[in-house]
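Enquirer: Here is a sequence together with a model predicted from it:
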Amino acid sequence: MFDSNDLLQYTTSEKGSTAIIPIPQGEWVGIIQGDKLKFRQSESKKKGREGETFTVLDVVFAFDDPQIKAETQRDTPMSRMSLFVDLTPDGKGLDMSTGKNIQLNRLREVLGQNVEGRPWAPSMLGGQACKCKVGWRPDDKNPEIVYDEVTAVLPL
């Protein structure tokens, strides 16, 4: 049984890992984790755009491939795809006008969810499977550490 006080007193003499083993680069089948879909907003730090607010949808994919599990030493390897999204002028919805939400609409297209006249909500992404192109990006502060990320999605 879990006891917070016992855990505070836990002692170890083992050296712990400081970097996660990334998912191998390549194309893998991933399943979108509906409970991990999340919108977030941040302010730009880019020169000339400082202070501008942008919105991102984080889409987390889980991979059930035995090779990935063995190489990463994780029971449920997951990787994220962050999509910049365009909001309507009032900020209460997704802007679906021409030239807007291209990344999101590419994901919807791959999943068969980008259909005119059919109601759609971001929550409908959860549980859907597609082929994910996984790439690596170096850590900003330590280029020897790399993180995996889903860089593109393709139909199964």
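Expert: Yes, it's here.
Enquirer: What helices and strands are in contact with the longest helix out of those in the chain?
Expert: In terms of residue count, the longest helix belonging to the chain (DSSP state H) is helix 102-110. Under the contact criterion of 3 or more C-beta pairs under 8 Å, 6 or more residues apart in numbering; DSSP states H and E, helix 102-110 touches strand 78-85, strand 146-154. C-beta coordinates here come from the backbone N, C-alpha and C atoms, glycine included.
Enquirer: So what touches the last one?
Expert: Which is strand 146-154. Applying C-beta atoms under 8 Å, 6 or more residues apart in numbering, the external contacts of strand 146-154 come out as 20, 22-23, 25, 27, 30, 59, 61, 79-82, 106-107, 110, 130-139.
Enquirer: Show me how to select, in PyMOL, the buried members of these.
Expert: The PyMOL selection below is limited to those of these classed as buried (16 or more other C-beta atoms under 10 Å):
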select buried, resi 22+23+30+59+61+79+81+107+110+130+132+133+134+135
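Enquirer: The spatially most central residue of the chain pairs with what?
Expert: The residue lying closest to the centre of the chain (C-alpha atoms, centre = their mean) is Arg80, at 1.9 Å. On the basis of DSSP bridges, Arg80 is bridged to Val60.
Enquirer: correct me, but it touches Asp58?
Expert: Yes - with contacts counted by C-beta atoms under 8 Å, Arg80 reaches Asp58, the gap being 5.5 Å.
Enquirer: For Glu43, see how far away Val56 is.
Expert: In this view, Val56 and Glu43 are 12 Å apart by C-beta to C-beta, to the nearest Å.
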